[in-house]
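Trainee: Got a sequence here, can you build the structure:
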Amino acid sequence: MSAIKFLPQPYFLIDRDFQILGYSDKSREVFVISSSFLELVDWESRSKAERLLGNANIRAEGELIMKTSESPYALVDISINWEGDEGHIICIEKDHRLAELESIVEKHRLRLAETNLELLEKKEQVEKTLFEIKNLSCPFIKLTKNAALVPLFGNLDSELIRQNEERVLHKAQDGGHDEILFDFNGVGELTNDGVETFISLIKELQIMGLHPSIIGIKPNHALYLNRTNSKLDVPFLNSLSKAFKRSL
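Mentor: Predicted coordinates for the structure are as follows:
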């Protein structure tokens, strides 16, 4: 049995004629599968899809308007890697996030930028600057009585997780939360140490009886995580709004 069916994100294997050779179970949940990948793309975006997918010799990334099970006009991030005449595609659906949560996260982004600029002007406070930036890069936001949001910003390295691990565990336990949502929309690059440290944090939360989930995975994140030896045994959600509604 092919392992691609178990991939946590919509995945397609295509040939040079855009015919679908295989796909993950998640693809079947999100899209109405047909024989050609182009049939999943809105007709006005098909020429763009042909250029994006057909002109790539090795890899390419872009956005397409695609038809999903829930919407005929869904904006989707596409990432493709070609290996010979076979293309490996990851599709990540974008969503319109809840205005209230988006405002909260945006305030943290602005505060992060302001802190970075102000403190870096004083050379003697560089270490304090880096420490505060890491703290602001992992806020803990209470959503409901039982759920909390932890949006991550910057590169996912071991220092980011280790510096904030104790605070996240403490607030998760003392707040009486059942579900912790980690938002990757603000994450740039991943590092091996960062992923391993993050997986350790996830396991600690699970040992405590909590239920962590991950939302906002980008194509480069998904391809990286699929290559790592350690696997995350958590739900992967493509929509912050859906995760929020599920927690109500």
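Trainee: What about Ile141, how many residues nearby?
Mentor: 16 (other CB atoms under 10 Å). Heads up, the C-betas are built off the backbone N, CA and C, glycines and all.
Trainee: cool, Leu110 as well?
Mentor: A total of 10 residues lie near Leu110 under the criterion other CB under 10 Å.
Trainee: tell me which element it is part of?
Mentor: Per DSSP states H and E: Leu110 is located in helix 99-120.
Trainee: how distant is the lengthiest strand in the chain from the center of its chain?
Mentor: Within the chain, and with DSSP state E defining each element, the longest strand by residue count is strand 179-190. When C-alpha coordinates are averaged (CA atoms, centre = their mean, to the nearest Å), strand 179-190 and its chain have centres 6 Å apart.
Trainee: Check stretch 80-98 too.
Mentor: On the basis of CA atoms, centre = their mean, stretch 80-98 sits 13 Å off its chain's mean C-alpha point.
Trainee: Kindly export it (C-alpha atoms) in CSV.
Mentor: Only the C-alpha atoms of stretch 80-98 are listed here, as CSV (Å, rounded to 0.1, in the frame of the first residue of the first chain):
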residue,chain,number,x,y,z
ILE,A,80,5.5,21.2,-7.0
ASN,A,81,8.7,19.1,-7.2
TRP,A,82,9.5,17.3,-10.4
GLU,A,83,11.3,14.0,-10.4
GLY,A,84,11.8,13.1,-14.0
ASP,A,85,8.3,13.0,-15.6
GLU,A,86,6.5,12.8,-12.3
GLY,A,87,5.4,15.9,-10.4
HIS,A,88,4.8,15.9,-6.6
ILE,A,89,2.2,18.6,-5.6
ILE,A,90,1.3,19.8,-2.2
CYS,A,91,-1.9,22.0,-2.0
ILE,A,92,-2.5,24.2,1.0
GLU,A,93,-5.9,26.0,1.1
LYS,A,94,-5.9,29.6,2.4
ASP,A,95,-8.8,30.9,4.5
HIS,A,96,-10.3,34.1,5.6
ARG,A,97,-9.4,34.2,9.3
LEU,A,98,-11.7,35.4,12.0
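Trainee: List the buried residues of the longest strand of the chain.
Mentor: 179-185, 187, 190 (16 or more other CB atoms under 10 Å).
Trainee: partners of that strand in the sheet?
Mentor: Strand 179-190 pairs in its sheet with strand 147-156 (parallel), strand 211-215 (parallel), by DSSP bridges.
Trainee: middle-most residue in the chain, spatially?
Mentor: Centroid check for the chain by CA atoms, centre = their mean gives Ile217 as the closest residue, at 1.2 Å.
Trainee: Which strand or helix spans that residue?
Mentor: Residue-wise, Ile217 maps onto no helix or strand under DSSP H and E.
Trainee: Name the nearest residue to it, sequence neighbours excluded.
Mentor: Distances taken as CB to CB, 6 or more residues apart in numbering place Phe184 nearest to Ile217, at 5.4 Å, with adjacent residues excluded.
Trainee: If anything else comes up later, I'll come back, but that's it for now.
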